[in-house]
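1. Got a predicted structure plus its sequence, pasted below:
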Amino acid sequence: MIRRPSHFESNSNSEILVRCCESTISLDKIESALLHDGIDDNHGFSNEWIVQINGYPSDADTLAFNQGYENIGPIEGFDGYYLMRKTNHPILVRNRSLDLSRRLEAHVQVTYAAQLFHKKRVKRGFMQSSVKKRGINMDILRIWDEERRSKLEDLPLQATFIFNDELWDHQWYMQDTRSRSSLPAIHLNVLPVYEMGITGNEVRVVVLDDGLEWRHSDLIDNYDPSISYDFNNGTLGDNDPTPHYPSNSYASPNSHGTRCSGEISMVANNDKCGVGVAYNSKIGGIRMLDGTVNDRIEGLALKYALDKVDIYTASWGPTDDGKTVEGPGILAQTALKQGVEKGRRGKGSIYVWAAGNGGVFIPIIAIVMDILRVFIQYPLGVHLKEGISLAYTDQKIATTDTNDTCTVSHTGTSAAAPLAAGVIALTLEANPNLTWRDVQHLIVYSSSTNGILKNKGWELNAAGYAFNSRFGFGVMDAATMTKNAMKWKKCVSPGLSKTYLGQPGNRDLAPGFPVEILFNIGYERPQRVRSGDDQIKYLEHIQVVTTIKYAVRGSLEIVLRSPQGTTSQLLTRRENDKSDAGFKDWSFMSVHFWGENPEGIWELMVVDRGSEIGSGQIMDAKLILHGVAIQPSYMKIPKKYSSKV
């Protein structure tokens, strides 16, 4: 059953911090503070600097010469930014050279200077196949098939033989493969979309990862070299994203990107591997994880071929340890901002990012609960101890693998983000005019809760949208999403952003003494929405940007309550996080208040839930609202939910 929250509660199993396929960057500004850019978990500092100059290229040359640098040149696509190399400096050192950065920043024409460092990046939920070559014992699969079909007598006839691809029967997430009718039917519901002739045509998707084996016989027909690049091959790179094949069998096989790509764009009906969710979409690969990763590489990758790419998907992030707090660097932030503003000819690129299990960075999609594989999001700080591995053997993801092989061992949140990207590709074929914000609205509006409402934790916000700490807004439903997209008539008005400062009060933190900060959102009367009104009346997402000094960061929990009573847990206790660095201008975000009117008093509660003796202070806090003044047309009809299991 869905319940409406009745009181302001804070517990580690309640609401979640979610991000629906969007950039985490506010479009009005880029935060200048880069305390959480990964510098505390680096793999060494290089002899290269990013320098932003207010001037001409000749000014950059002069600056570099006078301070003993080689000006490598402007960083493509980032106006005013240059890459400079200190040739008499060690190529890689343990500690950064603050004196050199400060000397650069002291120049009157320099607005930003930072030494590049090697970022630690982890592929999400990657499980290496234990079977070589084909990656599958086909005799075992046949036994599974026979056993499953023997139990299907009480189920409706399934379209099992639509495709002749060898692993189609095991793509349970694309069709109804239940072994018993009593089990919930949880899948992406793509077959009705294919029946409409929608298969991802003319949509281009890029996988940012460790490379793409584009010569794979199940990918080559959909490969697009114009949206592919290798940033790990020297400073300039090249346009061949083929992964590196290690000679040591114990080394990482660099198959992660090829696996993720197959989920999206495997060719259909070629007797090979499986069927991509958007099997006629074009796929590109950006090789960037098999080597040095720094802010320059991430920034360039996140906007590569911006005029051509529709969807960027990434299944990696910072260390997934439940203690790291890291956001993108300044170039990566700028790239994301440019992507949603300029990508797809002004409609905005779609960014899909996989969450890890540690609850850091940009969580986007997917965990597994009980026997359900659903496509959801979860809170910063939640280290999920249950359901991270698939509940039964036949429920892993079938996809392409390196050396022209196939696998049924792909899993984790790595596997979920490409599936979401595939559904979005189908949606964009159905309606190419959708903006990046339209896609967010469609996900909320079209997600299905059928078969999962029996799970605990469902709540209803004041606008009538159900959400859950484990299942988000529900399962992505490709058929519903594409059908809604086909009749989408510019229903989302221009987005608005408003910032409010927390009211003065006691900000001292200590165990057992929670701090409450209030935000008063008041509008002038009358409140009738008018065309051109600049007041937000229907929320999309909110941000809480705060600076907190505290002795044990992982002991803190943060909960936000809206004027209409909806609560969202922005931060849960993180037992592994013993850092005393606190948070510096860190942005927490939630979409739990989707569709609500923000007017009234918002309550932000920060509390120490840890066992350590801690003390500190909330230095500042602001609430940023994002939404629209005019009600989207779909919101005029309340979303209907069924409590049936």
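-> Structure received.
2. From now on I want contacts and neighbour counts done on CA atoms only, so please keep to that.
-> Noted.
3. quick one: the strands in the stretch 201-350 of the chain?
-> When assigned using DSSP state E, counting those that start in this stretch, the strands of the stretch 201-350 of the chain occupy the ranges 204-209, 229-230, 282-287, 311-314, 316-317, 350-353.
4. what separates the last one from the chain centre, distance-wise?
-> Centroid displacement of strand 350-353 relative to its chain, using CA atoms, centre = their mean, to the nearest Å, is 5 Å.
5. Give me the domain ranges for this protein.
-> If the domains of the chain are taken from the TED database, they occupy 42-119, 168-177+196-245+253-487, 496-629, with pieces of a single domain joined by a plus sign.
6. now the end-to-end length of the shortest one.
-> The reference is to domain 42-119. In terms of CA to CA, to the nearest Å, the two terminal residues of domain 42-119 are separated by 5 Å.
7. pLDDT below threshold where in the stretch 501-645 of the chain?
-> Low-confidence segments of the stretch 501-645 of the chain, defined by pLDDT under 70: 523-532, 611-612, 643-645.
8. so where do the helices sit in it?
-> For the stretch 501-645 of the chain, none of the segments meets the definition of helices by DSSP state H, counting those that start in this stretch.
9. With the stretch 251-400 of the chain instead?
-> For the stretch 251-400 of the chain, helices defined by DSSP H, counting those that start in this stretch occupy the ranges 256-265, 295-302, 330-342.
10. any chance of those helices in JSON lines, plus distance to N468, mean pLDDT and mean neighbour count?
-> Compiled in JSON lines, the helices of the stretch 251-400 of the chain are given as follows (distance: least, CA to CA, whole Å; pLDDT from 0 to 100; neighbours: other CA atoms under 10 Å):
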{"stretch": "helix 256-265", "distance to N468": "26", "mean pLDDT": "96", "mean neighbour count": "30"}
{"stretch": "helix 295-302", "distance to N468": "30", "mean pLDDT": "95", "mean neighbour count": "22"}
{"stretch": "helix 330-342", "distance to N468": "27", "mean pLDDT": "93", "mean neighbour count": "22"}
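11. right, and the ones you listed - which one's nearest E70?
-> When the helices of the stretch 251-400 of the chain are compared by CA to CA, helix 295-302 sits nearest E70, at 16.6 Å.
12. The closest one packs against which elements?
-> strand 110-119, helix 330-342 (3 or more CA pairs under 8 Å, 6 or more residues apart in numbering; DSSP states H and E).
13. Reformat these into JSON lines and put distance to L426 next to each item.
-> As requested, these are exported to JSON lines (distance: least, CA to CA, whole Å):
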{"stretch": "strand 110-119", "distance to L426": "34"}
{"stretch": "helix 330-342", "distance to L426": "19"}
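14. Nearest to Y500, out of those?
-> Closest approach to Y500 among the helices and strands packed on helix 295-302 (CA to CA): helix 330-342, 21.9 Å.
15. Report the backbone C-alpha coordinates of that closest one in PDB.
-> Output of helix 330-342 as PDB, limited to C-alpha atoms (Å, rounded to 0.1, in the frame of the first residue of the first chain):
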ATOM      1  CA  ILE A 330      35.600  22.200 -13.200                       C
ATOM      2  CA  LEU A 331      35.900  21.000 -16.800                       C
ATOM      3  CA  ALA A 332      33.600  18.100 -16.200                       C
ATOM      4  CA  GLN A 333      31.100  20.500 -14.700                       C
ATOM      5  CA  THR A 334      31.400  22.800 -17.600                       C
ATOM      6  CA  ALA A 335      30.900  19.900 -20.100                       C
ATOM      7  CA  LEU A 336      27.700  18.800 -18.400                       C
ATOM      8  CA  LYS A 337      26.400  22.300 -18.400                       C
ATOM      9  CA  GLN A 338      27.200  22.700 -22.000                       C
ATOM     10  CA  GLY A 339      25.600  19.300 -22.800                       C
ATOM     11  CA  VAL A 340      22.200  20.100 -21.300                       C
ATOM     12  CA  GLU A 341      22.300  23.700 -22.800                       C
ATOM     13  CA  LYS A 342      23.700  23.000 -26.300                       C
END
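16. With respect to P638, which of the domains of the chain lies nearest?
-> Nearest to P638 among the domains of the chain is domain 168-177+196-245+253-487 (6.7 Å), distances taken as CA to CA.
17. got the domains of the chain as TSV, with distance to H187 columns?
-> Supplementary listing: the domains of the chain in TSV, determined by distance: least, CA to CA, whole Å:
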stretch	distance to H187
domain 42-119	36
domain 168-177+196-245+253-487	4
domain 496-629	23
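18. closest to S642 out of those domains?
-> Taking CA to CA as the criterion, S642 comes closest to domain 168-177+196-245+253-487 out of the domains of the chain, the separation being 7.3 Å.
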